[in-house]
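>>> dropping a prediction and its sequence here:
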Amino acid sequence: MYEDLSKLKRVLEFESEISRVRDIDLLLEKILIEARCFTNADAGSIYIREGDSLKFSYTQNDTLQALLPSGKKLIYSTFSTPINSKSISGHVAVTGQLLNIPDAWNMPLETPYSFNRSYDELSGYRTRSMLTLPLTAQRGDVAGVLQLINAKNKKGEVIPFPESGMPVLAHLANAAANAVERAKLTRGIILRMNKMAELRDPKETGPHVNRVASYSVALYEAWANLKGIPLIEIDRNRDLLRLAAMLHDVGKVAISDVILKKPGRFTPEEYEIMKQHTLFGARLFGEAYSDIDDTAMDVTLNHHERWDGNGYPGHLDPLTGITLPGYEDADGKAKGKKGEEIPLFGRIVAIADVYDALSNKRCYKEAWDADAVIEELRNESGRMFDPELLEIFLQNMETIQHISSLYPD
């Protein structure tokens with residue numbers, strides 16, 4: 001009885017914790033970590049509902065993770081599966097009922113669903129016990145599916161998932177479903193804001209902003225771990241940075257189509273106008289209602305500053321556009337911010353944005369070769385980019401390339 005009450009208390013605490021997470025990618029990570037801890041599961045995955053399909057959105061596997069070098073993350077591919085009873089996850093989404101399977105490789109022949117062994121055969125992993133739960137939101141809709149794999153006892157032996165903890169675990173799944181719905185709404189609002197920019201500037205696509213945001217978070221996390229930043233601060237900043245990075249170029253909605261959609265090079269006068277998108281973006285968040293506004297203002301304003309001080313918009317009051325006293329150059333214009341005068345998140349998004357722009361096809365250019373992109377980034381170390389952050393970024397190219405594969409154009 002005491003153990004059940006303790007678990008219920010932890011689920012209620014967790015419900016409060018995830019209510020404060022606004023980014024869906026970070027949320028899925030936290031949900032899966034908690035659910036696996038709750039059941040002592042070796043691995044697990046989360047599927048998110050998208051129309052009539054389930055998208056395989058996030059996975060963890062302690063056994064496979066242990067085979068990787070320290071600091072490296074598990075690489076996986078996303079895919080979608082129809083919501084029907086042919087698959088285990090699809091069946092749970094259709095019925096809204098959990099499935100507790102003692103051995104996924106040896107299920108009764110009469111079951112309508114089957115287990116796909118291909119991932120096990122490819123990775124060398126062996127799935128045995130499997131617990132699959134619907135993520136059912138308050139209004140009764142299934143928002144996704146939570147799948148836990150290989151429960152372990154205190155000796156580390158794989159065992160079936162015990163039935164005793166199911167009621168409390170179902171409560172955890174419901175809390176997770178409601179949090180997922182809220183996070184999907186937040187992501188949807190941000191993507192719609194970017195859609196406005198995309199209607200004006202076809203370079204600002206949904207995949208582009210998702211990639212830039214994900215690269216930025218990966219770079220920040222690697223930097224923060226090296227610096228010994230507390231985990232609670234890392235989680236908070238990852239949440240803020242991802243949302244803010246998705247909005248980095250939203251100020252382009254205020255730039256004239258004559259300039260924004262010009263196919264050739266800008267004239268010096270046009271380029272000066274184009275630079276104004278950093279100020280327009282910052283002004284959207286000038287009346288700060290939350291820490292997201294503060295972070296988005298930092299990113300939109302500073303992601304075109306350069307480490308060597310030759311970026312823009314420089315030392316200006318973002319709301320008035322007036323140069324700050326003492327920061328005028330010889331022509332009376334604002335001096336660019338230099339080095340660590342540029343906020344950390346601005347320096348991070350600068351790297352992520354340029355990497356993505358070079359690596360992908362645009363209406364005015366083809367995608368660069370991967371080696372050429374890295375060479376160009378290295379050439380700009382200490383000039384355009386913070387050299388320490390760039391080195392960390394390049395050390396994590398496997399993760400960066402994996403992110404790129406998750407958000408194709």
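Arrived safely, thanks for sending.

>>> please count neighbours and contacts with C-alpha atoms only from this point.
OK.

>>> which positions in the longest helix along the chain come out as buried?
Ranked by residue count, the top helix of the chain under DSSP state H comes out as helix 166-200. Neighbour counts over helix 166-200 (16 or more other Cα atoms under 10 Å) mark 166, 168-184, 186-187, 190-191, 194-195, 197-198, 200 as buried.

>>> stretch 369-379 now?
Applying a neighbour-count criterion of 16+ other Cα under 10 Å, one finds Val373, Ile374, Leu377, Arg378 buried in stretch 369-379.

>>> stretch 399-409 now?
Thr399, Ile400, His402, Ile403, Ser404, Leu406.

>>> equivalent analysis for stretch 219-230, please.
Leu219, Tyr220, Glu221, Ala222, Trp223, Ala224.

>>> what residues does the helix or strand bottoming out on mean pLDDT in the chain touch?
Sorting the helices and strands of the chain by mean pLDDT, DSSP states H and E puts helix 2-18 at the bottom, at a mean of 76. Applying Cα atoms under 8 Å, 6 or more residues apart in numbering, the external contacts of helix 2-18 come out as Leu27, Lys30, Ile31, Glu34, Phe38, Gly165, Val168, His171, Leu172, Ala175, Ala176, Ala179.

>>> just put the residues you listed in a markdown table and tack on distance to Lys86 and pLDDT.
Listed next are the contacts of helix 2-18 as a markdown table, based on distance: Cα to Cα, whole Å; pLDDT from 0 to 100:
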| residue | distance to Lys86 | pLDDT |
| --- | --- | --- |
| Leu27 | 28 | 93 |
| Lys30 | 29 | 93 |
| Ile31 | 26 | 95 |
| Glu34 | 28 | 94 |
| Phe38 | 28 | 91 |
| Gly165 | 27 | 82 |
| Val168 | 28 | 86 |
| His171 | 26 | 88 |
| Leu172 | 26 | 91 |
| Ala175 | 27 | 91 |
| Ala176 | 25 | 93 |
| Ala179 | 28 | 92 |
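
>>> ok, these vs Glu305, which is closest?
Among those, Leu27 lies closest to Glu305 (Cα to Cα), at 30.9 Å.

>>> test my guess that the closest one contacts Asn178.
No: the pair Leu27 / Asn178 is not scored as a contact, 11.2 Å apart, by Cα atoms under 8 Å.

>>> state the pLDDT value of the residue of the chain positioned farthest from its centre.
Taking Cα atoms, centre = their mean, the residue of the chain most remote from its mean C-alpha position is Ala330, at 42.2 Å. Listed pLDDT for Ala330 reads 84.

>>> ok, the closest residue to Asn310 other than its chain neighbours - contacts?
Nearest non-adjacent residue to Asn310, counting by Cα to Cα, 6 or more residues apart in numbering: Gly336, 5.5 Å away. With contact taken as Cα under 8 Å, 6+ apart, Gly336 is in contact with Glu305, Arg306, Gly309, Asn310, Gly311, Tyr312, Pro313, Gly314, His315.

>>> with secondary structure and neighbour count as added columns, please give the residues you listed in a markdown table.
Compiled in a markdown table, those are given as follows (DSSP: H, G, I helix; E, B strand; the rest coil; neighbours: other Cα atoms under 10 Å):
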| residue | secondary structure | neighbour count |
| --- | --- | --- |
| Glu305 | coil | 26 |
| Arg306 | coil | 25 |
| Gly309 | coil | 17 |
| Asn310 | coil | 16 |
| Gly311 | coil | 19 |
| Tyr312 | coil | 22 |
| Pro313 | coil | 26 |
| Gly314 | coil | 27 |
| His315 | coil | 22 |
